[in-house]
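1. For reference, the sequence and a predicted model appear below.
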Amino acid sequence: MNLKNIQNIVEDFKGQKGKTVLLRCDLNITKEDNTRILILKPTIDFLLKQDFISKIIICSHFGRPKGNLEDFKNFSLLNNVLPQLKKIWEVFILDWPNANSYQEKQFNEIPFQNYQNISSQKPIILLENLRFHPGEETNDFNFAQTLASLSDFYVNDAFSVSHRNHASVSSICDFLPSYSGFLLQKEMEVIKNLNNNEKGFTTLIVGGAKIEDKIGIISNLLDKVDKILIGGGMIKSFLQKNFINNEISKKIMNNYDKFLLPQDIIEAEEFSNDTNTKIIDISSFSDSGIIMDIGPQTISNYTSLINQSDYIIWNGSMGVFEWPKFERGTKEIALSVSRNYSARKYAGGGSTIEAINKFNLKDGFTHISSGGGAFLAALEGEYLPGIKPLLAD
């Protein structure tokens, strides 16, 4: 899978001047973590160095606004992102929309101002939250065309939303020459290597509450890995051998020797932080019980296998790690993965990244994907709506 990449821009626009680039990013940072800004720096710095580019317009979503004024305050890039961007670059906010237009859902046009004369460097301009416009998430062609009218070409460096059919990800490529940024290129190279991996003993660690969310990645990677470790609430589906449909069930049962299930678990009476719990052998688990974490013997078994692995792919927690009482399984597995210094280790998915950050272990991984749903969709072998238009002819 070859993408039209950011280096191709230099060839395509050689000898030209005054060009504007629209850069799609994911700026969903938090007060504690601005990693999503830092990983964009190679792409932005590269664009700043190009003589033919006169403006860089950054666009991003932020959270999931629903349309009320309180959302406008909480999800505004002006309030939440611009101060962090300004710590690295000189950035101006494009004041669109305002609170009144947001409440009334009136977004007929995007006003645009030439910042060339007031900027001491090549101007970087930030659009307000794309999801303030209803056309973003409906993949509206008119909204995509309006965005496209601001620039001469488009760069997608938002791998994390490239599985979504949104206007700034998909339809916009119908109106502009489109390229991949450095971050997106790296993510797709990792996915390609994982899907084509034929080197060494490979372990897939899969957790989470529901098997429906993970059956795609299990099905796609089943023939490409040697062992699959199961954790989280989805353990129950394996005990019941309930695998969505007959086709999936047959595929899993034909490869059941690849799966390693918990030997013991932490069972709770109810889903609560202060519920009564006990460590039980997996054979004693009843359908009425609630699985909160894997048990100590399972941690030992899983760690032993992780230590033997040459390649490790991890998606999904082993239990309800958000509550300290049930964090041990996820924490110990994360530690085991990070301490296998000879292996190549990849992680993706929202809860997985949250756990790695919580336990301060991100330096122990070869690659942590910036995308949750996109990482899963790509591993499942899907053509992502934001990637397909970037494929080289």
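-> Okay, I see it. Predicted model only: the values in this text are computed from it and were never measured. Residues are numbered from 1 along each chain as shown.

2. Which parts of the protein belong to which domain?
-> Domains of the chain are assigned by automatic domain parsing as 6-183, 197-379.

3. By mean pLDDT, show me the worst of the ones you listed.
-> Lowest mean pLDDT within the domains of the chain: domain 6-183, at a mean of 83.

4. Tell me how far that domain lies from the chain's centre.
-> What separates the centre of domain 6-183 from the centre of its chain is 18 Å, taken as Cα atoms, centre = their mean, to the nearest Å.

5. From residue 91, how far out is residue 64?
-> Distance of residue 64 to residue 91, given as Cβ to Cβ, to the nearest Å: 24 Å. Placement of C-beta: from N, CA and C, glycine included.

6. what's the next secondary structure element after the host helix or strand of residue 247?
-> Following DSSP states H and E, one finds residue 247 within helix 246-254. Scanning forward in sequence from helix 246-254 by DSSP H and E, the next helix or strand is strand 259-260.

7. so what does that next one touch, helix or strand wise?
-> Helices and strands touching strand 259-260, by 3 or more Cβ pairs under 8 Å, 6 or more residues apart in numbering; DSSP states H and E, are strand 227-230, helix 296-307.

8. Quick one: the strands in the stretch 51-200 of the chain, in order.
-> Here the stretch 51-200 of the chain has its strands, by DSSP state E, counting those that start in this stretch, at 53-59, 91-94, 124-127, 153-156, 178-180.

9. As JSON lines, these with distance to residue 215 and mean neighbour count would be great.
-> Listed next are the strands of the stretch 51-200 of the chain as JSON lines, based on distance: least, Cβ to Cβ, whole Å; neighbours: other Cβ atoms under 10 Å:
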{"stretch": "strand 53-59", "distance to residue 215": "34", "mean neighbour count": "22"}
{"stretch": "strand 91-94", "distance to residue 215": "42", "mean neighbour count": "18"}
{"stretch": "strand 124-127", "distance to residue 215": "37", "mean neighbour count": "22"}
{"stretch": "strand 153-156", "distance to residue 215": "28", "mean neighbour count": "25"}
{"stretch": "strand 178-180", "distance to residue 215": "29", "mean neighbour count": "23"}
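
10. quick one: which of those is nearest residue 310?
-> strand 178-180 (28.9 Å; Cβ to Cβ).

11. Helices of the stretch 101-250 of the chain, residue ranges please.
-> Counting by DSSP state H, counting those that start in this stretch, the stretch 101-250 of the chain has helices at residues 134-137, 141-148, 182-195, 215-221, 235-240, 246-254.

12. In the first one, which residues are buried?
-> Residues of helix 134-137 classed as buried by neighbour count (16 or more other Cβ atoms under 10 Å): 135-137.

13. Could you list every helix and strand that that helix packs against?
-> Helix 134-137 sits against helix 141-148, with contacts defined as 3+ Cβ pairs under 8 Å, 6+ apart.

14. buried residues in the helix it packs on?
-> Buried residues in helix 141-148, counted by 16+ other Cβ under 10 Å: 143-148.

15. In JSON lines: the residues you listed, plus distance to residue 50.
-> Listed next are the buried residues of helix 141-148 as JSON lines, based on distance: Cβ to Cβ, whole Å:
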{"residue": "143", "distance to residue 50": "27"}
{"residue": "144", "distance to residue 50": "24"}
{"residue": "145", "distance to residue 50": "25"}
{"residue": "146", "distance to residue 50": "25"}
{"residue": "147", "distance to residue 50": "21"}
{"residue": "148", "distance to residue 50": "20"}
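
16. what's in contact with stretch 44-58?
-> Residues outside stretch 44-58 that contact it (Cβ atoms under 8 Å, 6 or more residues apart in numbering): 6, 9-10, 13-23, 25, 27, 85, 89, 91, 94, 115-116, 121-127, 150-151, 155, 182.

17. And residue 272, its phi and psi?
-> Backbone torsions of residue 272, given as degrees, to the nearest 10, read phi -160, psi 150.

18. burial measure for it, as a count.
-> Other residues near residue 272 come to 14 when the count uses other Cβ atoms under 10 Å.

19. What distance do you get for it to residue 302?
-> 26 Å.

20. cool, and residue 263?
-> In terms of Cβ to Cβ, residue 263 sits 10 Å off from residue 302.

21. Those two: which has the busier surroundings?
-> Using other Cβ under 10 Å, the more surrounded residue of residue 263 and residue 302 is residue 302, with 26 against 17.
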